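J.: 3D model of this:
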Amino acid sequence: MDGIAAVYSPGDSNLMENIFNATGSLQHRGKDGAGVCVGNKNNLYVHRDLGRIGNVLNGDLLDMMQGLGPVAAIGDVGYTKNRIAEKNNAEPLEVSPKGNTRYHISVAMDGCLINSDELRAELQDDYHFRTRNETEVVGALLHKYISKEGINFSAGKKLVDKLHGRATFALVALVNDGKETYMVTLNDDRAFEPFCYGNIGNSFVVSSESCSHTRLAGDIKREFDGAEMAICSSNGIEMQRVREESMLPDVFQAVYFGHPASLFGDVENFSIRTELGRGLFKIYGESSADIVIPNPDSGWGVTMGLFEAYRDSLMDNAFDLSDTDNITIRDHKAFERFIGLTTVYPALIKQAQAVRTFQEAARRVRANEVGLKFGGIESLLRGKNVAMGDDSIVKGSVSEGGSVWVAHNAGIKKLEFWISYAPMMFPSFKEWHRGEKCIRELAVQRAFENETPYGKSID
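T.: Next comes the predicted model:
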């Protein structure tokens, strides 16, 4: 999972500040490595390293890059593509052709590639591969097609056609042909990865999420359609959809993993999560909770919807509203709960040292990390019936070893765990290469131990 951003803005004295802020707004999408590439009339310049973007780029470095007179820049934050984070896998990556070429290309990508070794073998006679990063393979393919077709939509179509059915991706690239730097963006024909764009002043800004545009005091124009390519150059900004397929955006990645303030389908993620919570209560329709709390931090939206729907239900049960001039109490138990249920309490506190464990593959490491995530407020929890809302469970270790364990130790009387989350499709789950074993580890599989949910087979 990566967060990618790109800014095309010739003559902009704030270009480097803008790419730093646009990329930094996506820090929740990856913490292991970060980097930027800037391009001016003559060349491309890359700086990348391990760590968060604030550790990789400082003010002096940004000033130095701004002094190069860039016309465009791309940035990336991401999780490691291997089990161990290594600097050479941080992005953007420069493509390394073996022969002479007029095109110098640097690429950053969010996505997943199937059977990348086959593609690597096809390309190894013409390109040096210095990493095991799939982005380098896609970058080499882009360079190959641009070398044959030029910097145009035909090259983008060849790339999309080549990767159809075997990759989900959104990429940003800088291409220098010895005369100027172009900025190129492209996504897969299913529009699986979140990807959006907009104009902010004189800048054309592309990002994984709309929170980047908000950080630059602007708005997105819209999310990219599938196989939609943008080419930015001295001739202007051209856009074209290079292949027509029905789109299949990854709801799980966009809504769960995305920033709460980002948009998905023109709707704010927090609002989507809130409606999921309201819908969840409509399905089950009752609760015995004295207090409603979120599983921090991503559980806030679902919990707010759950709380609102529960309180509305209590009000309907507690009062006889048939005569608005003479409202009477119909159910005293429901009335007492309604009076006591005044707000959503942050009764679990996420510790300052907590790290995001979503992509931690090793269960033992994951279990140790989640045990340090939360602290419980006993004055709010002890002796209470608690409804806890969350927007997803993947493996269940954060809940089992973190929030549920902390709530239990704080002395709760009863726990209702309300979970609502978007559908998962296999490219969302980075351990797909382990086959059935990783499927068996999912919490939903353990919940349906002797069967599979909705009658689905493991395949």
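J.: tell me how this structure divides into domains.
T.: 2-249, 268-428 (automatic domain parsing).
J.: mean pLDDT added to the ones you listed, as CSV?
T.: Compiled in CSV, these are given as follows (pLDDT from 0 to 100):
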stretch, mean pLDDT
domain 2-249, 95
domain 268-428, 85
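J.: OK, contacts around Phe374?
T.: Pro296, Leu348, Ile349, Lys350, Gln351, Ala354, Gly402, Ser403, Val406 (Cβ atoms under 8 Å, 6 or more residues apart in numbering). To be clear about C-beta, it is placed using only N, CA and C from the backbone, and glycine gets the same treatment.
J.: which parts of the stretch 1-150 of the chain are strands?
T.: For the stretch 1-150 of the chain, the strands defined by DSSP state E, counting those that start in this stretch cover 2-8, 33-39, 44-50, 72-78, 93-94, 96-97, 104-113, 127-128.
J.: which parts of the stretch 351-459 of the chain are helices?
T.: 363-370, 378-381, 397-398, 404-409, 436-440, 443-447 (DSSP state H, counting those that start in this stretch).
J.: show me which residues of stretch 33-44 are buried.
T.: Gly33, Ala34, Gly35, Val36, Cys37, Val38, Gly39, Asn40, Leu44 (16 or more other Cβ atoms under 10 Å).
J.: using a markdown table, lay out the residues you listed together with distance to Leu50.
T.: Below are the buried residues of stretch 33-44 laid out as a markdown table (distance: Cβ to Cβ, whole Å):
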| residue | distance to Leu50 |
| --- | --- |
| Gly33 | 5 |
| Ala34 | 8 |
| Gly35 | 10 |
| Val36 | 15 |
| Cys37 | 17 |
| Val38 | 20 |
| Gly39 | 24 |
| Asn40 | 27 |
| Leu44 | 21 |
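J.: of the residues you listed, which is the nearest to Gly198?
T.: Closest approach between the buried residues of stretch 33-44 and Gly198, by Cβ to Cβ: Val36, at 19.7 Å.
J.: give the contact list for the closest residue to the closest one other than its chain neighbours.
T.: Distances taken as Cβ to Cβ, 6 or more residues apart in numbering put Gly75 closest to Val36, at 4.5 Å, once the chain neighbours are dropped. Shown in contact with Gly75 (Cβ under 8 Å, 6+ apart): 4-6, 19-20, 22-23, 34-37, 53, 92, 108.
J.: okay, and the beta partners of Gly75?
T.: Under DSSP bridges, the beta-bridge partners of Gly75 are Ala5, Val36.
J.: can you check Val386 too?
T.: Ile291, Leu415.
J.: tell me, how many residues neighbour it?
T.: 24 (other Cβ atoms under 10 Å).
J.: right, and it touches Ala289 too?
T.: Yes: assessed by Cβ atoms under 8 Å, Val386 is found in contact with Ala289 at 6.1 Å.
J.: now render the strands of the stretch 1-150 of the chain as CSV, adding distance to Asp188.
T.: Converted to CSV, these look like this (distance: least, Cβ to Cβ, whole Å):
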stretch, distance to Asp188
strand 2-8, 14
strand 33-39, 22
strand 44-50, 24
strand 72-78, 18
strand 93-94, 18
strand 96-97, 24
strand 104-113, 7
strand 127-128, 21
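J.: list residues touching both of Val386 and Ala289?
T.: Glu416.
J.: element containing Phe281?
T.: helix 269-284 (DSSP states H and E).
J.: what does that helix rub up against?
T.: Helix 269-284 is contacted by residues 254-255, 258-264, 287, 298, 300-310, 313, 389, 391, 418-422 when judged by Cβ under 8 Å, 6+ apart.
J.: distance between it and the chain's centre?
T.: 20 Å (Cα atoms, centre = their mean, to the nearest Å).
J.: tell me the most buried of the domains of the chain?
T.: domain 2-249 (a mean of 20; mean count of other Cβ atoms under 10 Å).
J.: can you give me the first-to-last residue distance of that domain?
T.: One end of domain 2-249 sits 16 Å from the other (Cα to Cα, to the nearest Å).
J.: same check on stretch 199-206?
T.: Counting by Cα to Cα, you get 9 Å between the two ends of stretch 199-206.
J.: now Thr181: phi and psi?
T.: Backbone torsions of Thr181, given as degrees, to the nearest 10, read phi -100, psi 130.
J.: that one reaches Gly39, doesn't it?
T.: Yes: counting by Cβ under 8 Å, Thr181 does reach Gly39; the two are 3.2 Å apart.
J.: name the residues contacting each of those two.
T.: Listed as contacting both Thr181 and Gly39 by Cβ under 8 Å, 6+ apart are Pro70, Val71, Ala72, Leu174.
J.: not including adjacent chain positions, what is the nearest residue to the first one?
T.: What that stands for is Pro70. Val38 (4.1 Å).
J.: surely the one you found touches Leu44?
T.: Yes: between Val38 and Leu44 there is a contact under Cβ under 8 Å: 7.2 Å.
J.: so what's in contact with these two at the same time?
T.: Listed contacts common to Val38 and Leu44 are Leu174; contacts here mean Cβ under 8 Å, 6+ apart.
J.: so how far is Glu244 from Val138?
T.: 21 Å (Cβ to Cβ, to the nearest Å).
J.: I should have written Trp405 there, sorry.
T.: 50 Å.
J.: now do Leu50
T.: Relative to Glu244, Leu50 is positioned 40 Å away (Cβ to Cβ).
J.: for Gly165, same thing?
T.: Counting by Cβ to Cβ, the gap from Gly165 to Glu244 is 15 Å.
J.: again, but for Gly389
T.: Using Cβ to Cβ, we find Gly389 at a distance of 40 Å from Glu244.
J.: surely Glu180 meets Ser233?
T.: Yes: here Glu180 reaches Ser233: they are 6.6 Å apart, a contact under Cβ under 8 Å.
J.: could you pull out the strands for the stretch 151-300 of the chain?
T.: 167-176, 181-187, 196-200, 203-207, 222-223, 228-233, 236-241, 263-264, 267-268, 291-294.
J.: just put these in a markdown table and tack on distance to Gly59.
T.: As requested, these are exported to a markdown table (distance: least, Cβ to Cβ, whole Å):
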| stretch | distance to Gly59 |
| --- | --- |
| strand 167-176 | 22 |
| strand 181-187 | 24 |
| strand 196-200 | 22 |
| strand 203-207 | 21 |
| strand 222-223 | 33 |
| strand 228-233 | 27 |
| strand 236-241 | 30 |
| strand 263-264 | 31 |
| strand 267-268 | 32 |
| strand 291-294 | 36 |
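J.: out of those, which comes closest to Arg29?
T.: Comparing the strands of the stretch 151-300 of the chain against Arg29 with Cβ to Cβ, the closest turns out to be strand 203-207 (10.3 Å).
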